[in-house]
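when you get a sec, could you give me coordinates for this:
(chains A and B)
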There are 2 protein chains.
Amino acid sequence: MLLCDIGNTSYHFYDGERDYREDVKSYNPLTCKQKVYYINVNSQLQESLKALDNWIDISLHVSWDKYYETMGIDRIMACEAVQNALIIDAGSAITVDIVKDGKHQGGFITPGASMMNKSYAKLSSKLAYSFNFDLDLDKMPKNSQDAITYGFLAPLRAEVIRHEMPIVLTGGDAEKLHTIFPEASIDKSLLFRGMQIIIKKGGLC
Amino acid sequence: MLLCDIGNTSYHFYDGERDYREDVKSYNPLTCKQKVYYINVNSQLQESLKALDNWIDISLHVSWDKYYETMGIDRIMACEAVQNALIIDAGSAITVDIVKDGKHQGGFITPGASMMNKSYAKLSSKLAYSFNFDLDLDKMPKNSQDAITYGFLAPLRAEVIRHEMPIVLTGGDAEKLHTIFPEASIDKSLLFRGMQIIIKKGGLC
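I've put the predicted structure just below:
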């Protein structure tokens, strides 16, 4: 079974064993003759994918009443993969969602590392540092690089920890955030596992 | 005694009773014949102010060993004004500093409301909402506007609260943040009070 998570920059495929990416600009979905089960947050591709019989949009099989209307389908798939967890999907945005007894309790969104870096640099050239993910967040910072690293990471950590839930990290920056959530598990295939559950529930294959 | 806090966009004056602003682009400091005690974070104005005998740079009278080399002089003045407090200066950046027994313990920096709004809008047009400062942060968000508001405010609140310090709010967005820190006091003249303390300590007048 071929799964695909489509974003603004890439088609992220998963064949049950390995995952690989194709660039949105150069990849033509017509070239894929297999059946592909997909989710898509890229509005520009929506119509062209609909026209392809072998590309199956599994968002149509989600129980949307469990979520809210404008919630990203990628967040929903991650939530479908767990019963009791706080999920951190760390990419260009960081989304944090809480699931208890299989029910979505709500979630929040904060800019990811790259966007935060850009924001600090725009605020002042004196804050144009990269983040130091090994910073000890139990000590108050006393230099500019630590002050922005702490400002990005410590508030997120404090908010996440107060929920006292098992933490699952996913997304491109999962490893980076693992240093501040050492108790978390990393599951880079979380969305795909959620997709598999929806496909099974919906009797799609 | 005329005090002035100079930033990238304005000269912020305080005469001991009232405060007023002059635009950096249009104001000529030569026109002021009074003695002015100032702090300045605008590197473009540094040389021209130095040349004026009646403009006194009070950063030269700070005990810098209490702080770190690249720390903003505005943050230092706020710290000088308190003995035991967590100071939140909410402007284009939000700086959070902790002072215990008159000693700076360190601090962090996070982008302010305006920069965060721009970041969310850049991440996705679906996140281009203004913040709802009246949001109940004890409930997990279930719509996009709440998800970004919570993402901006709840982590900051969680980190600030865990320090269990008296909170002092200052800066242009102090009132907005008062809704999430109702126990905080607001002191819009905090920097100027710090400046007055330095002037007195240094025997400058």
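
need phi/psi at residue A:31.
phi -70, psi -10 (degrees, to the nearest 10).

what mean pLDDT does the helix or strand encompassing residue A:160 get?
For residue A:160, the host element (DSSP states H and E) is helix A:144-161. Per-residue pLDDT values over helix A:144-161 give a mean of 98.

do the same with stretch A:47-57
Stretch A:47-57 carries an average pLDDT of 96.

hmm, who's touching it?
Stretch A:47-57 has contacts (Cβ atoms under 8 Å, 6 or more residues apart in numbering or on different chains) with A:6, A:29-30, A:32-40, A:204. In this view, the C-beta of every residue, glycine as well, is placed from N, C-alpha and C.

out of those residues, which one has the lowest pLDDT?
Lowest pLDDT of the contacts of stretch A:47-57: residue A:204, 86.

which SS class is that one?
When classified by DSSP: H, G, I helix; E, B strand; the rest coil, residue A:204 comes out as coil.

would you mind checking the contacts of stretch A:47-57 for buried ones?
Buried members of those, scored by 16 or more other Cβ atoms under 10 Å in any protein chain shown, are A:6, A:29, A:32, A:36, A:37, A:38, A:39, A:40.

which residue packs closest to the first one, ignoring adjacent ones?
So that's residue A:6. residue A:40 (4.0 Å; Cβ to Cβ, 6 or more residues apart in numbering or on different chains).

that older thread, the contacts of stretch A:47-57 in strands, which ones?
A:6, A:36, A:37, A:38, A:39, A:40 (DSSP state E).

save these as JSON lines, and put in distance to residue B:114 too.
JSON lines is the format used below for these (distance: Cβ to Cβ, whole Å):
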{"residue": "A:6", "distance to residue B:114": "32"}
{"residue": "A:36", "distance to residue B:114": "42"}
{"residue": "A:37", "distance to residue B:114": "41"}
{"residue": "A:38", "distance to residue B:114": "37"}
{"residue": "A:39", "distance to residue B:114": "33"}
{"residue": "A:40", "distance to residue B:114": "32"}
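
centroid residue for chain A?
Central residue of chain A (Cα atoms, centre = their mean): residue A:89, 3.4 Å from the mean position.

right, and it touches residue A:95 too?
Yes: at 4.7 Å, residue A:89 counts as touching residue A:95 under the criterion of Cβ atoms under 8 Å.

overlap in contacts, these two.
Common neighbours of residue A:89 and residue A:95 (Cβ under 8 Å, 6+ apart) are residue A:75.

ok, back up a step: farthest-separated two in the buried ones among the contacts of stretch A:47-57?
Comparing every pair within these by Cβ to Cβ identifies A:32 and A:39 as the most remote, at 15.6 Å.

quickly list the domain ranges of chain A.
Domains of chain A are assigned by automatic domain parsing as A:2-64+A:195-201, A:83-186.

need the distance between the two termini of the last one.
From the first residue to the last, domain A:83-186 extends over 16 Å; the measure is Cα to Cα, to the nearest Å.

that domain close to chain B?
Yes: Domain A:83-186 lies within reach of chain B by Cβ under 8 Å from any Cβ of the partner chain, at A:92-94, A:96, A:98, A:105-111, A:115-116, A:118-120, A:122-124, A:126-127, A:139-144, A:147-148, A:150-152, A:154-159, A:162.
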